[in-house]
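Q: Sequence and predicted structure below; questions after.
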Amino acid sequence: MRFPSLLATLAFPALAGAALAQQPASPDPKELFAVMSANVMRISPSLEYDRWNANVGLWETRLKHARKPDAATLTAMRETFKTMSDIVDQIRGPEEKGRWDANRALWQAWFDDAGDPSPATKAQMRTTMAALRANLSQITAEGEAARWRANLQLWAGTLAGK
């Protein structure tokens, strides 16, 4: 916040409330997806690219079906998930493996409830997201950190019903 804005906020608290009300509650899922997918396109062809590309494919389909997807869509998504999961099994670094295992667990929980997580599943997913969030602090490369932040925010939006 700029200094003049801070002074105005202190002098006129009602203005502060109005300014806060104008801020979006959370980022738009389509914008998050665009950030993540554009970032993934900059990864050199590798297993990392293949993992992220599969994850992007899952999110692309998930966002096209804002509510519970039909059986055919879920079947296609499960195939993409299997591809991602098989590649995740090959990761050796513990921090990266931890991130991808958490992401895989989130997708698996989502699939287990056919794309419409129950309150109990959402609670489990929030716990997994907390572990993933803690792991993100270990990332030093900004591009990778940006991908993971967008991914985590997409999960938060999913649990919020967006």
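A: Nice, I can see it. Numbering: from 1, shown residues only.

Q: Is Asp116 in a helix, a strand, or coil?
A: Reduced to three states with DSSP: H, G, I helix; E, B strand; the rest coil, the structure at Asp116 is coil.

Q: And the pLDDT for it?
A: Predicted confidence (pLDDT) for Asp116: 93.

Q: got a list of what it touches?
A: Neighbouring residues of Asp116 by CB atoms under 8 Å, 6 or more residues apart in numbering: 67-68. From N, CA and C alone the C-beta is placed, and that goes for glycine too.

Q: switch to 7 Å and redo it
A: Asp116 makes contacts with Lys68, as judged by CB atoms under 7 Å, 6 or more residues apart in numbering.

Q: Can you name the residues in contact with the one helix or strand Met36 maps to?
A: Assigned by DSSP states H and E, Met36 falls within helix 29-40. Where contact means CB under 7 Å, 6+ apart, the residues beyond helix 29-40 that reach it are 52-53, 56, 59-60, 63, 143, 146-147, 150-151, 153-154, 157, 162.

Q: What subset of those residues is buried?
A: Neighbour-count burial (16 or more other CB atoms under 10 Å) is assigned, among the contacts of helix 29-40, to 52-53, 56, 59, 63, 147, 150-151, 153-154, 157.

Q: Pick out the residue nearest the middle of this protein.
A: Taking CA atoms, centre = their mean, the centroid of the chain lies closest to Asn151, which sits 2.2 Å from it.

Q: Taking helix 29-40 as reference, get the angle to the helix or strand following the helix holding Met36.
A: Under the assignment DSSP H and E, the closest C-terminal helix or strand after helix 29-40 is helix 47-64. With axes from the mean of the first three to the mean of the last three CA atoms, to 10 degrees applied, the angle from helix 47-64 to helix 29-40 works out at 160 degrees.

Q: related to what we said a few turns ago, from the chain's centroid, how far away is the helix holding Met36?
A: Once both centres are worked out by CA atoms, centre = their mean, to the nearest Å, helix 29-40 turns out to sit 10 Å from its chain's centre.

Q: Many thanks, have a good one.
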